[in-house]
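Visitor: Give me a model of this one.
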Amino acid sequence: MQESYLVCSNCFEYIPFFDYHVGDDIPKCTSCQHELLPVQPLEGDEMLLARLHQQPQPLLLDFWGAWSGPCREFSPLFNDYADRFKGKVIFVKINSEEEQVLANQLRVCAFPTLILFQNGREKQRLTGFINESHLDTLLKAYD
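Guide: So this is what the prediction gives:
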C-alpha cells in the first residue's frame, strides 16, 4: 500500500498522512506548525499544484483573471465554499496571468474555470458563470 502525505502550504514539507481522517482536528505541520488544510483558498502555482496532486483530498482549482468581472463576482463564493469544505477539499486559486504556462497545460481558455482533481486526475470542469447550485452539484460527494 502506498503511503499518503499531506503537504504544508507554508514550508512545503511532506507530512505522513497516518491517522488523519476527514472531520478530525485540522493537522499542523511538524516543521512550522502551520495548518495543513487552510480555511481560505491557497494561492497556487505549478510547484504547489505538483505537490498537492499527491494528497488524498480532492483539489478544486479556480483559474481566474483580475480583469474578469465574473471572476471578481465568483471569488467570495469560492472563499465561502473553501471554509465550508475545510478538511474535505483543498481549494486553490490560480492567477491565470501569472501562471500562463500552467493554464495552457490544463487547456484553460475561459474564466473563471474550475477543475476538480482527485488522485491526480481531472474529474470535472466548469467554465464561465458559476453559482452556488453548480458548486453544490460539483462538491456533493464531499459534503
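Visitor: Which parts of stretch 36-44 count as buried, going by neighbours?
Guide: For stretch 36-44, the buried set under the neighbour-count rule, 16 or more other Cβ atoms under 10 Å, comprises 36, 37, 38, 41, 42, 44. Any C-beta I mention is one placed from the backbone N, CA and C, and that applies to glycine too.
Visitor: Under a three-state scheme, what state does the second one occupy?
Guide: For residue 37, the assignment made with DSSP: H, G, I helix; E, B strand; the rest coil gives coil.
Visitor: Number the chain from 291, please
Guide: Okay, using 291 as the starting number, the last item reads as residue 327.
Visitor: Could I get the pLDDT score of it?
Guide: The model reports residue 327 with a pLDDT of 70.
Visitor: re the thing from before, from the buried residues of stretch 326-334, which single one is nearest residue 317?
Guide: Checking the buried residues of stretch 326-334 against residue 317 with Cβ to Cβ, the nearest one is residue 326 at 4.8 Å.
Visitor: give me every residue that touches that closest one.
Guide: 296, 297, 298, 299, 305, 316, 317, 318, 319 (Cβ atoms under 8 Å, 6 or more residues apart in numbering).
Visitor: go on, residue 383?
Guide: Shown here is residue 383, whose contacts under the criterion Cβ under 8 Å, 6+ apart are 331, 332, 333, 334, 352, 354, 365, 368.
Visitor: For it, grab phi and psi.
Guide: Backbone torsions for residue 383, taken as degrees, to the nearest 10, come to phi -100, psi 130.
Visitor: one step back: let's see which of the contacts of residue 383 end up in strands.
Guide: When strands are assigned by DSSP state E, the members of the contacts of residue 383 inside them are 332, 333, 352, 354.
Visitor: tell me which of these is nearest to residue 420?
Guide: Lowest distance from residue 420 to those (Cβ to Cβ) belongs to residue 352, with 9.0 Å.
Visitor: Just give me the neighbour total for the closest one.
Guide: With neighbours defined by other Cβ atoms under 10 Å, the count for residue 352 comes to 26.
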